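[1] A structural model of the following input is requested.
(chains A and B)
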Amino acid sequence: MGRRAGLGCIVIRVVSWKRCPSPFAAPTWRRPIKLFAMMPRHKRRATQFAQVRRPAANLARVNAARGTVPGPRLAPWNWPAESEELRFRVGDSVGAPDPLSPAAMDAAPDAPMNAPAPMDAPGDAIVVEHLTKRYGTTLAVDDIGFAVPAGATIGLLGGNGAGKTTTIALMLGILIPTAGTIHILGHNMARDRFAALARMNFSSPYVALPSRLSVAENLRVYGHLYNVPHIERRIAELSEELELNEFLHRPAGQLSAGQKTRIALAKALINRPAVLLLDEPTASLDPDTGDWVRGWLERYRAESGCTILLASHNMAEVERLCDRVLMLKRGRIVDRGSPADLLSRYGRDDLVEVFLDIARDRRQAAELIV
Amino acid sequence: MRGPVVRQSARRIWGMMYRHLALYRRSWPRLLELAYWPVLQMCIWGFTASYLAVRMGNPVAVAAGTLLGGVLLWEVALRSQMGVAISFLEELWSRNLGHVFVSPLRPWELVAALIGMSMIRMFVGVGPAILLAWGLYAFNLFALGPILVLFFANLMVMGWWVALGVVSLILRHGAGAEALAWSVLFGLTPFSAVFYPVAVLPAALRPVALALPSSHVFEGMRAVLLRGEIPWDHLAWAVGLNVAWTLGAALVFARQFRAARVRGALLSIGE
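    Residues are numbered from 1 along each chain as shown, chains lettered A, B, ... in the order given. Take a look at the predicted model:
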């Protein structure tokens, strides 16, 4: 299985390489186009607006066609061009029409923020393509796609019912998608989810641990479920790191919300996961405890290089912890980028305002401001 | 390659069993409940059988022995079924299913752990009742001989597949179906020929009774106690029916588990 997946990656890489050669391999007359396509988004945007003014009417037409507020019609995952690898991942190719051009918008008005990441680059811990989840007539997740490089922290932001928890449940394999695929650590979650689950973990305040068991017993149970070697040593390490010692032998149900959050984190880290999914990790915590958890997560990420996907309503938390943010609304990704990108794009000082712009459909105004 | 995989599976199964054992260690009412009902049943039927034996003489005393044997063996099926279903419900009540199903624990490993717990629960529950029958009413269940092991095994397997059906219903209908964990096997008691032979039933109900492994086990038990014969035909039927019903229940469970993953019920399962 692993060998087949590896071979698949190689094939994909070879094909991708043919599709996306280095700009310096392109004929001289095409190099400027390629370089432009590889620019970081905000620079690209500035350059383009300097050249072609997009008429507001065009934007309105696209809005009407999509029925939602559109995101920028760029390649799906708009990483700043930190490396050639990442630049190629965003789906740019030699000779491809500029996706921001009016012609491209006319040709493909629904091109998309929700389009999948085009390929599973070797450094991607998570690759989601065309993910859709429908409950009867309700579309909980609507054709979303993204890729998360190993070691990155990604925030899933959105209001209640935006599809954050559903997306996480789909990624954990506890929910079967209506359409689309999810690869985590190279494993297809539809066919090989247990191999991925052994190397990932999850924490949510909405899923409890058995309350009559002591903290140590709970951790021992999950240590066995994840086949953790030397469980007692691992529990001792986690107790030290997360300051659980004083209530390690007390029933989990008798602890405060802050203590429960620390236990949930300890459970989520018991197997030293390569991918950690956190659903509102600081919900219902007082500011002091919330800050402690955020600080701890920051340190943990820096030390472990763990890939984290974080669903949250707390904008300060997202701004502090996340490299990139996916803004969800009604099951669709309506915008994405680094917190700094989003702030500058919307002309706002904090993510709360950006969140409100998106939640209240003020995006168009923000576009015009830009 | 096979070795580590089996070891890892065994460890996950033990992890789930440890979770329940730790629960019992911390909750004496749960421990008490395991033995309470079988002991109570034994007291009621034991005194009834003693009364009948004293009033009606030796032949009835032998029949009363079959009555006590029936009570004890039926408890084996009942406790096995409840052992699986209630252990599953414990996960649901503690809202822990979300964590369990996002761990590498396979569904069959969960079922294996529930079965392991059911065996422990059954021995802890039925053991005192067997001792009581021997101490108070001089009824020695082990007098049935080595065949008792086969009776036990068949009734335990029957309890497991009924429980798998109950768990499937809980996955389908949520905690609203939890009452079935206690009641469903009681509904099969009239057809299981626990206290009377299948021949007593109306002709229309006999096929129903004969489709249950339990009726063959109890017919077999009576053959051993009353005639001293080992009823191999009944045992063969019981084994065959158990295999068929277990396969059917496993199929239903697998389908309902998948359906629960489609509906998102594993995270939100409740009333």
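
[2] right, and A:S203 touches A:I270 too?
    No. Counting by Cβ atoms under 8 Å, A:S203 sits too far from A:I270 to count as a contact (10.7 Å). Glycine gets a C-beta too; all of them are placed from N, C-alpha and C.

[3] Have a look at those two and say which one is more surrounded.
    Using other Cβ atoms under 10 Å in any protein chain shown as the criterion, A:S203 and A:I270 rank with A:I270 on top: 25 against 20.

[4] is it true that that one touches A:V228?
    Yes. The pair formed by A:I270 and A:V228 meets the contact definition of Cβ under 8 Å, at 5.7 Å.

[5] For chain A, what's its nearest residue on the stretch 1-150 of chain B.
    Distance from chain A to each residue of the stretch 1-150 of chain B (Cβ to the nearest Cβ) is smallest for B:G15, at 2.7 Å.

[6] Which of the helices or strands spans that residue?
    For B:G15, the enclosing helix or strand under DSSP states H and E is helix B:2-25.

[7] Now the element after that helix, going C-ward?
    Counting by DSSP H and E, what follows helix B:2-25 is helix B:28-56.

[8] Averaged pLDDT, that following helix. What do you get?
    Computed over helix B:28-56, the mean pLDDT rounds to 87.

[9] Enumerate the positions of it that are buried.
    Buried residues in helix B:28-56, counted by 16 or more other Cβ atoms under 10 Å in any protein chain shown: B:30-31, B:34-35, B:37-39, B:41-42, B:45-46, B:49-50, B:53.

[10] Tell me, how many residues neighbour the residue nearest to B:G145 when sequence neighbours are not counted?
    In space, and not counting its chain neighbours, B:G145 is closest to B:V224: 7.2 Å by Cβ to Cβ, 6 or more residues apart in numbering or on different chains. Neighbouring residues of B:V224 were enumerated by other Cβ under 10 Å; the total is 19.

[11] from chain A, which residue is nearest to chain B?
    Closest point on chain A to chain B, by Cβ to the nearest Cβ, is A:H224, at 2.7 Å.

[12] Now do the same contact list for that residue.
    With contacts defined as Cβ atoms under 8 Å, 6 or more residues apart in numbering or on different chains, A:H224 is in contact with A:I231, B:R11, B:R12, B:W14, B:G15, B:M16, B:Y18.

[13] Which residues are in contact with the first one?
    In other words, A:I231. Contacts of A:I231 by Cβ under 8 Å, 6+ apart are A:L219, A:R220, A:G223, A:H224.

[14] Following the helix or strand hosting the first one in sequence, what is the next regular element?
    Going back to what we said before, that points to A:L219. Using DSSP H and E, A:L219 falls within helix A:215-225. Going down the chain from helix A:215-225, the next helix or strand is helix A:231-242, by DSSP H and E.

[15] Enumerate the residues of the stretch 151-300 of chain A near chain B.
    For the stretch 151-300 of chain A, the contact set with chain B under Cβ under 8 Å from any Cβ of the partner chain comprises A:165-166, A:169, A:172-176, A:194, A:197-198, A:201-202, A:204, A:206-214, A:217, A:220-227, A:251, A:267.

[16] which residues touch the residue nearest to B:G145?
    B:L144, B:G145, B:I147, B:I230, B:P231.

[17] Out of those, name the ones that lie in helices.
    Taking DSSP state H, the ones among those that sit in helices are B:I147.

[18] Pick out the most distant pair among the contacts of B:V224.
    Farthest pair in the contacts of B:V224 (Cβ to Cβ) is B:G145 and B:P231. Separation: 12.3 Å.

[19] Of the two, which one has the most company?
    B:P231 (19 against 10).

[20] Give me the pLDDT value at the more buried one.
    Predicted confidence (pLDDT) for B:P231: 89.

[21] any idea how far chain A is from it?
    Noted for B:P231: a distance of 42 Å to chain A, by Cβ to the nearest Cβ, to the nearest Å.

[22] That residue reaches B:L225, doesn't it?
    No. Assessed by Cβ under 8 Å, B:P231 is found out of contact with B:L225, at 11.0 Å.

[23] Around chain A, which positions in chain B sit nearby?
    Checking chain B against chain A by Cβ under 8 Å from any Cβ, the hits are B:8, B:11-12, B:14-16, B:18-19, B:22-23, B:26-27, B:90, B:94-96, B:98-106, B:258, B:261-264, B:266-267.

[24] Pull out the buried residues from those.
    Looks like these have B:8, B:11-12, B:14-16, B:18-19, B:22-23, B:90, B:94-96, B:98-105, B:261, B:263-264, B:266-267 buried, using 16+ other Cβ under 10 Å.

[25] helix or strand for A:R320, which one?
    Assigned by DSSP H and E, A:R320 belongs to helix A:315-321.

[26] what sits up against that helix?
    Taking Cβ under 8 Å, 6+ apart as the rule, helix A:315-321 contacts A:153, A:155, A:157, A:282, A:290, A:294, A:297-298, A:301, A:308, A:310, A:312, A:325, A:339, A:350-352, A:354-355.

[27] From those residues, which land in strands?
    A:T153, A:G155, A:L157, A:I308, A:L310, A:S312, A:V325 (DSSP state E).

[28] can I get those in TSV with pLDDT and distance to B:E219?
    Output for the ones in strands among the contacts of helix A:315-321, formatted as TSV (pLDDT from 0 to 100; distance: Cβ to Cβ, whole Å):
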residue	pLDDT	distance to B:E219
A:T153	94	66
A:G155	94	66
A:L157	90	66
A:I308	95	62
A:L310	92	62
A:S312	86	63
A:V325	93	69
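
[29] Now the two most distant members of the residues you listed.
    Among the ones in strands among the contacts of helix A:315-321, A:L157 and A:I308 lie farthest apart (Cβ to Cβ), at 14.1 Å.

[30] Looking at those two, which is more packed in?
    A:L157 (29 against 24).

[31] My read is that the more buried one contacts A:L351, right?
    Yes. Between A:L157 and A:L351 a contact is recorded at 7.5 Å, counting by Cβ under 8 Å.

[32] Residues that sit against both of the two, list them.
    With Cβ under 8 Å, 6+ apart as the test, A:L157 and A:L351 both reach A:M315, A:V318, A:V325.
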